[in-house]
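> Sequence and predicted structure below; questions after.
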Amino acid sequence: MLKIFKEGVCPKCHEKIQVPDDREQIICMYCGQKIRTDLALGVERETDAAVLEEKKEQVQKGLSLLIRECDKPFQDFKKDKYPGMIENFSKKHQEMFQAMEYLYQHSQESDVLLQQMAEHFVETAREDMGSYKTKGQKNRRQLDLNFLISIYLIPAMLEQKGEVYEAFSDRLIAVWNKAYGTTLGKAHYEEIAGGFRRKLCYITTAVCENLGKGMDCYELKLLKEYRDQYLERTEEGHALVEEYYNIAPTIVKRMERAADREEIYRELYEIYLKPCIEDIEAGDYTRCGVRYEKMVVTLKERFVIVNDIK
C-alpha cells in the first residue's frame, strides 16, 4: 500500500517535515525529538487529561530535584568547565524541559501555567532554605540557588527550541526577585561564556607579588574567580568592581611610593585578602563581598581622597 505523506511543522524545532498518514508518532529528522503527528499537522485533538497531569507532575518533580541537587554551583563555575557543564545540565534535564513545552502547547491558560511553575520552584526553594538553621547558612544557600537559576537553569532553557523557555525564564526571574528582593537577570549561554574576564587585579596582584607569592598563586586566582563569577553577576557587585578599577591603578602607584609599603601590603593581606579567601572557601560569598567593599572604601579614603586634597 502506498504511504501518503503530508507536509507538517515540528512543534519543537519548527522545521518543515514530511508526515506519514499511518503513524501517530514520529521522530523529527532535524531535532531528533519524538512528536505527535497530529501536532505536526496542526490538527486539533482533545488532550488526554491524564497525560497533562503526568507532564505537570514531571515538571514539578524536575524543578524540585534541581534545588535538592544544587551543591555549591559557584565553585564549579570555571571558564574551561562551563561549556561541558551546561551541556550535561541540559541533557540531564531534557525530559523536564520537553514536558514544560508539552504543557505550554496544550494549556488553555498558559499564563496561569507559567505562574504555577515559577511559584512551585520558589516555594520548594523556600522549604529548602528553611532546613538551614542560621541566617548565614540561609544566605549562603540562597546565593547557591541564585547561581543555579542565572548560570545554569535559564541559560540551559534558552538553548532549547520551543516557546515556553523564554516565557518561563521571564516569569521565574520576576517571581524569584519579588520573593527574595534580588536583581537576577536573564542571560543566554553565549553571553555568560563570553563574559569571563581576566583583568589585572591590581591591588591583589601587588600584595601577592610583594609577599613573594607570585602571579599564579592560589590566592590571586581564587579572588579573580570570585570577582568574575560572583561580583560581576549582580548590579551592586558590578558597580563596585567598576569603581575599583577606576581607582586601583592610582592606589597601587601611591602605595609603591610609601615608605612603609611592605607593612601596608602585609596589613592588606591579613585584614582583607586572607579573610576574603577564607569566606570564599567556606561559601560565604556575602561576607567576602562586604570585606571587599570595605577594602575599596578604606583604600580610597587613604590613598585617593586624602592625597588629592593635598
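Yep, it's here. Numbering: from 1, shown residues only.
> from what I can see residue 73 touches residue 141, true?
No: in this structure, residue 73 is not within contact of residue 141 by CB atoms under 8 Å, at 11.4 Å. (C-beta placed from N, C-alpha, C; glycine too.)
> Leaving out sequence neighbours, find the closest residue to residue 238.
residue 232 (5.5 Å; CB to CB, 6 or more residues apart in numbering).
> Could you do residue 6 as well?
residue 19 is the one closest to residue 6 (CB to CB, 6+ apart), at 5.1 Å.
> Next up, identify which helix or strand that neighbour is on.
Using DSSP states H and E, residue 19 sits within strand 16-20.
> Give me the helices and strands touching that strand, please.
Helices and strands touching strand 16-20, by 3 or more CB pairs under 8 Å, 6 or more residues apart in numbering; DSSP states H and E, are strand 5-9, strand 25-27, helix 37-40.
> May I see those organised as CSV, with distance to residue 258 and mean neighbour count added?
Formatted as CSV, these follow (distance: least, CB to CB, whole Å; neighbours: other CB atoms under 10 Å):
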stretch, distance to residue 258, mean neighbour count
strand 5-9, 70, 14
strand 25-27, 70, 14
helix 37-40, 72, 18
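> State the mean pLDDT of the strand holding residue 19.
If you average the pLDDT over strand 16-20, you get 87.
> how about that strand: buried residues?
Neighbour-count burial for strand 16-20, counted by 16 or more other CB atoms under 10 Å, picks out 17, 19.
> May I have that strand as CSV, with CA atoms only?
Listed next in CSV are the C-alpha coordinates belonging to strand 16-20 (Å, rounded to 0.1, in the frame of the first residue of the first chain):
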residue,chain,number,x,y,z
LYS,A,16,9.1,21.7,7.9
ILE,A,17,8.8,17.9,7.9
GLN,A,18,7.0,15.2,5.9
VAL,A,19,4.5,13.4,8.0
PRO,A,20,3.2,9.8,7.1
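> Show residues contacting it.
Contact with strand 16-20 is made by 3-10, 26, 28-30, 37, 40-41, as judged by CB atoms under 8 Å, 6 or more residues apart in numbering.
> still on that earlier bit, I'd like to know how far the residue nearest to residue 238 sits from residue 245.
In this structure, residue 232 and residue 245 are 11 Å apart, going by CB to CB, to the nearest Å.
> Is it possible to get the helices and strands packed on strand 16-20 out as JSON lines so that each row also shows distance to residue 126 and mean pLDDT?
Formatted as JSON lines, the helices and strands packed on strand 16-20 follow (distance: least, CB to CB, whole Å; pLDDT from 0 to 100):
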{"stretch": "strand 5-9", "distance to residue 126": "40", "mean pLDDT": "85"}
{"stretch": "strand 25-27", "distance to residue 126": "39", "mean pLDDT": "85"}
{"stretch": "helix 37-40", "distance to residue 126": "36", "mean pLDDT": "78"}
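> Would you reformat the ones you listed as TSV and include distance to residue 147?
What follows is these, written out as TSV (distance: least, CB to CB, whole Å):
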stretch	distance to residue 147
strand 5-9	37
strand 25-27	35
helix 37-40	36
